[in-house]
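[1] from the sequence below, what's the structure:
(4 chains)
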2 protein chains.
Amino acid sequence: MNQEKNYRMTHQREMILEVVQKNHSHLTADEIYDRVRKKLPRISMGTVYRNLDILASCGFIKKLQPGYAQMRFDGNTRDHYHVVCMRCGKIGDAQIEPLDNTLENLENALGNLTSYGIFGHNLEFVGLCPNCMELEKDLPDDQQTNQLMMEVTEDGSQRKPN
Amino acid sequence: MNQEKNYRMTHQREMILEVVQKNHSHLTADEIYDRVRKKLPRISMGTVYRNLDILASCGFIKKLQPGYAQMRFDGNTRDHYHVVCMRCGKIGDAQIEPLDNTLENLENALGNLTSYGIFGHNLEFVGLCPNCMELEKDLPDDQQTNQLMMEVTEDGSQRKPN
DNA sequence: TAGGTTATTAGGAATGATTACTATTATAAA
DNA sequence: TTTATAATAGTAATCATTCCTAATAACCTA
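    Numbers count the residues shown, from 1 in each chain, chains lettered A, B, ... in the order given. Predicted coordinates:
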């Protein structure tokens, strides 16, 4: 199924892919598990997670994961955006003014298109902190950050670092 | 310390607030725990979490939490933004074109201001799904969503729903 | 088509952040 | 002070996700 790695197409993997592709509702892993289990009752949760990872790394599906795993706390209560390190999760301040006008217009436009009630937005920038940029230099090519981008940015936007 | 609720100012709460305010590095709960423990060695993790919540709800600090708790998976691999329900976590598609030009310029600008290497961005809209909007009507005023906004949007942007 | 290599699986245990519970203690108002 | 009750320490529980391992199944090659 993939050129680079010797992946094999198993029934489990096939079913998981089918479930994700046929659903437009951004299922969680356990929702996928429940659905696949109707066809393959003995499948395990570990199999579901492993295959979702593999399918995402092959570009067949997309993993939506929170920008950071742990809560963090900020003594600065003024409105400001953040930069999140995609390797270590460290958060820095983005010295950029909030895009209130641009995004409020966008929120209004979106409000007319969706059945959701729109209250606000989250914008964060994704990158590498100085420390992780250093470490990166010692890694083999296939572990370099640009290889990992697809899994990290929510919207798949991807470009060379500044 | 607060007008609405009968909060009391304890040594623990005071120390936690001080640690968060004196650090500009967006500490995690366990980093705060470690630092506070140097002054109050018997403090417990539960106390740290509870106080961080209370301090955030009073507006003294800001809680940075991921937009959604669980990973989700999308069969649609085209670039697109999402709307996240702030009550149930359900994710919908935002029928809005990616802001590639606007935000790429912003990423470039930011790249010159920060020590991070910038690779991309995440933008998500926050709101209420149709189902939760219905449920909302039955809630007492102090549990209505607009009361909860400060805790939800990353940058604190806040407005009436569309 | 069979056999062998090894990727993949099921099942269960482990992890790690966060929340919940409870008897005891400390705060602040009268 | 006294008193009501908010807050605490310590511990147990939760829950999504990852890790581990012996057994199984895909797929390449003869």
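[2] is chain B within reach of the longest strand belonging to chain A?
    As assigned by DSSP state E, the longest strand anywhere in chain A is strand A:117-128. Yes: shown here: strand A:117-128 in contact with chain B (CB under 8 Å from any CB of the partner chain) through A:117-128. In short, each C-beta sits where N, CA and C put it, glycine included.
[3] over to stretch A:57-69?
    Yes: on the criterion CB under 8 Å from any CB, stretch A:57-69 is in touch with chain B at A:59-69.
[4] now for the residues you listed: which two are most distant?
    A:60 and A:68 (25.4 Å; CB to CB).
[5] more neighbours: which of these two?
    residue A:68 (21 against 18; other CB atoms under 10 Å in any protein chain shown).
[6] still on that earlier bit, pLDDT and neighbour count added to the residues of strand A:117-128 next to chain B, as TSV?
    Formatted as TSV, the residues of strand A:117-128 next to chain B follow (pLDDT from 0 to 100; neighbours: other CB atoms under 10 Å in any protein chain shown):
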residue	pLDDT	neighbour count
A:117	94	21
A:118	95	25
A:119	92	25
A:120	90	22
A:121	91	26
A:122	91	22
A:123	93	23
A:124	93	25
A:125	94	26
A:126	93	25
A:127	93	29
A:128	92	24
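[7] okay, now the domains of chain A?
    A:11-57, A:81-152 (automatic domain parsing).
[8] and those domains: which comes nearest DNA strand C?
    DNA strand C lies closest, by CB to the nearest atom of the strand, to one member of those: domain A:11-57, at 3.1 Å.
[9] got the end-to-end distance for the closest one?
    End-to-end distance for domain A:11-57, by CA to CA, to the nearest Å: 19 Å.
[10] over to stretch A:37-48?
    End-to-end for stretch A:37-48, by CA to CA: 10 Å.
[11] could I get the buried residue list for that stretch?
    In terms of neighbour count (16 or more other CB atoms under 10 Å in any protein chain shown), stretch A:37-48 has its buried residues at A:43, A:47-48.
[12] equivalent analysis for stretch A:104-117, please.
    Here stretch A:104-117 shows A:104, A:106-107, A:110-111, A:114, A:116-117 as buried, counting by 16+ other CB under 10 Å.
[13] then stretch A:19-37?
    In stretch A:19-37, counting by 16+ other CB under 10 Å, buried: A:19-21, A:26-29, A:31-33, A:35-36.
[14] returning to that earlier point: where is pLDDT lowest across the buried residues of stretch A:104-117?
    Note: of the buried residues of stretch A:104-117, the lowest pLDDT belongs to residue A:104, at 88.
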